[in-house]
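Student: sequence plus predicted model, see below.
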Amino acid sequence: MNHAKPIISMQGITKHFGGVTALEKVDFDVLPNEVHALLGDNGAGKSTLIKILCGVHQADKGKILVDGSPVSITSPKEARKVGIEVIYQDLALVDEFNVIANVYLGKELTTSFGEHTTSILDERRMREGTKSVLEKVKMFIPDIRQRVYYLSGGQRQGVAIGRAVNSTQKIRVLIMDEPTAALGVEEKEKVLNLIRTLKEQKVAIVVISHNLEDVFQVADRVTVLRNGRKVVTVPASEVSRQDVVGYIVGVETGELSGKR
Amino acid sequence: MGNSNRSHTDTATGSVNVTRVLQYWRRGGIYISLLLVAIGLSFLSPRFLTRLNLVELLNYTAIIAVVALGQTFVIAGKGIDLSVGSVVALSSCVMAWLFIDYAVPSVLAVLLGIGLATAIGTLHGYLIAQLGIPDLVVTLAGLEAWRGLVYLIFEERVLMRFDPFMRFLGNYRFGGWFPAAILGLFIILAIYTFTLNRTTLGRYILAIGGNRRAAEYAGINFFKYKILSYTLSGLSCGIASWMLIGRLNAVQSSLAVGYELHSIAAVVIGGTSLFGGIALMPGTVGGALMISLIRNGLILGGISFYWYMIILGILLVASVALPAWERRKETR
Ligand SMILES: Nc1ncnc2c1ncn2[C@@H]1O[C@H](COP(=O)(O)OP(=O)(O)O)[C@@H](O)[C@H]1O
Ligand SMILES: [Mg+2]
């Protein structure tokens, strides 16, 4: 077991949308170099929790600690500053752009310094950078000038991950929302391998998923949410899939009903 | 793609080849079509392919091509600018009015006219981006309102007799034959192509057009770049106004009617996607040329002008249908 201090610790997070309670006193933490699966049925609150962590939403109550000290994350930019990157399923890529333009979207290399309304793109350096980023995540894409629209699902995830890790700021936690949804078997395997590769590179990873098969292949710990409350956080090796299904749908199967 | 270790879970290899062909057609199709139509026309009239005729054709096309180049930025950002004709009319009339009624020096009159058009484009962009009014609504309102303003101020007046500077861009010929308008068009084409493909300004306009939420999540300021795309359209309208004054040597309220359709057609025929994210500046000039060519050809062939309208309509639908079909083929 990993007894290191958490990189990120969310404590007592509560969030209402009008009359809907999306999250109620949820605790969630991320340890260094772990793959932490966040599970739950539709509407359980997974996306809301993640959006609070990455600054898209603000919590009504609760606090977020990074390396033990409280922070206020009010925008994706600030989340990025503390090393949190998120890959949303549909938000990640511009279909019409090629691999290079996507890997550098919003952080283009230019021939001038500082931020301007317009500056000249340095295509050559971005091309080289894209190659080395893809190498780093061990994703092979034959033609990086190809529009990502024409890539397979696994390759698209590879590009999205390449984009996330291609940061001047060192990435510490990568959050992936349903990375294997709607992928074929072979493509799924590619994405799971990407996750393993990132873990080798000491990135902590939070994976949101419906698919227990996939999750159990890579997860070190599992957290289950139901109706906006945390049901449990356990090491993946200590629960069966049957148990987890029970937590998700609300039928307690074993003794592990303790709310930790 | 032809790479053996690729796996296609949802795509048959056959349709990949079709999409590849469509990709190439988007880039090169307009030039092949131009060539074919040109060859066809040279059979119709042996004089068609003479240097003189080609220069005249390009010269004639320059004004709408400049407007369409600005329109390309707007469409790249998934917008549409229906106001261009009215904006050209307003800024032409204002240039002429300042020069003739108020004896403003011609250089200043031209700059003020271009500035006005640029400001109007920026205003449209602001209303769209900041207030969230749909592009279509704002620029349709612009189409009506600016034209209304032109008639209100100038009524049936015809303003004419300009100085050489005001006529320069639309009328001057280097060495007695090469039109300044063509040179101007190519300079603008070069600058716009560079801006679109080689600068963050172009990249960000394309990004907000291709996937607004992804762009915003990547830290790109949607409002800023949406507004700037319309600013560039306004700027183009201003430059086109200067060209138009020189060309016609007379300015009146009914100027530049129908520019919205012709510019949008040129952009789309040239391979720019109405769905945003893909834009081709040289293609736009090719598209504008295509429209002129067809018109020219029908005149040479003595065919009714109504056919021109019908063919333009068909061409427009076909140019949009192709990429729409391309999108549907590979839905994931
Ligand atoms: N922006 C929002 N506005 C209103 N209600 C929301 C919003 N986002 C989420 N919710 C509600 O909060 C609850 C949790 O949603 P969500 O976090 O998306 O769940 P999950 O990702 O686990 O499927 C749901 O009841 C959902 O309807
Ligand atoms: Mg969700």
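Tutor: That came in fine, so what should we check first? Ligands and ions are numbered 1, 2, ... in the order given.

Student: state the mean pLDDT of the helix or strand where B:V268 lies.
Tutor: Assessed by DSSP states H and E, B:V268 sits inside helix B:259-269. Averaged across helix B:259-269, the pLDDT comes to 95.

Student: which other helices and strands contact that helix?
Tutor: Packing contacts for helix B:259-269, counted by 3 or more Cβ pairs under 8 Å, 6 or more residues apart in numbering or on different chains; DSSP states H and E, involve helix B:51-76, helix B:84-101, helix B:281-300, helix B:305-329. (Each C-beta comes from the backbone N, C-alpha and C, glycine too.)

Student: in the shortest one, what's buried?
Tutor: Right, helix B:84-101. Within helix B:84-101, the residues scored as buried using 16 or more other Cβ atoms under 10 Å in any protein chain shown are B:84-100.

Student: what does the stretch 201-332 of chain B put close to chain A?
Tutor: Neighbours of chain A within the stretch 201-332 of chain B, by Cβ under 8 Å from any Cβ of the partner chain: B:201-203, B:206-207, B:210-211, B:213-215, B:217-220, B:224, B:228, B:273, B:276-278, B:330, B:332.

Student: how does it look with 10 Å?
Tutor: Contact residues, the stretch 201-332 of chain B versus chain A (Cβ under 10 Å from any Cβ of the partner chain): B:201-221, B:224-225, B:228, B:273, B:275-279, B:326-327, B:330, B:332.

Student: tell me how many other residues crowd B:R212.
Tutor: The number of residues packed around B:R212, counting by other Cβ atoms under 10 Å in any protein chain shown, is 17.

Student: quick check: closest non-adjacent residue to it.
Tutor: Using Cβ to Cβ, 6 or more residues apart in numbering or on different chains and skipping the chain neighbours, the partner closest in space to B:R212 is B:F222 (6.0 Å).

Student: okay, now the one you found: neighbour count?
Tutor: As a burial measure, B:F222 scores 16 neighbours (other Cβ under 10 Å).

Student: for it, give its distance to B:G125.
Tutor: As judged by Cβ to Cβ, to the nearest Å, B:F222 and B:G125 stand 11 Å apart.

Student: list residues touching both of these two?
Tutor: B:G77 (Cβ atoms under 10 Å, 6 or more residues apart in numbering or on different chains).

Student: before we move on, the earlier item: check contacts around the residue nearest to B:R212.
Tutor: Contacts for B:F222 (Cβ under 10 Å, 6+ apart) come out as B:G77, B:A129, B:Y204, B:A207, B:I208, B:R212, B:R213, B:A215, B:E216.

Student: isn't the last one up against B:A207?
Tutor: Yes - in terms of Cβ atoms under 10 Å, B:E216 counts as a neighbour of B:A207; the distance is 9.2 Å.

Student: mind checking which of the residues of the stretch 201-332 of chain B next to chain A are buried?
Tutor: Applying 16+ other Cβ under 10 Å to these, the neighbour count classes B:201-212, B:214-218, B:220, B:225, B:228, B:273, B:275-279, B:326 as buried.

Student: compute the first-to-last residue distance for stretch A:97-107.
Tutor: Using Cα to Cα, to the nearest Å, the end-to-end distance of stretch A:97-107 comes out at 14 Å.

Student: list the buried ones in that stretch?
Tutor: Counting neighbours by 16+ other Cβ under 10 Å, stretch A:97-107 gives A:F97, A:N98, A:V99, A:I100, A:A101, A:N102, A:V103, A:Y104, A:L105, A:G106 as buried.
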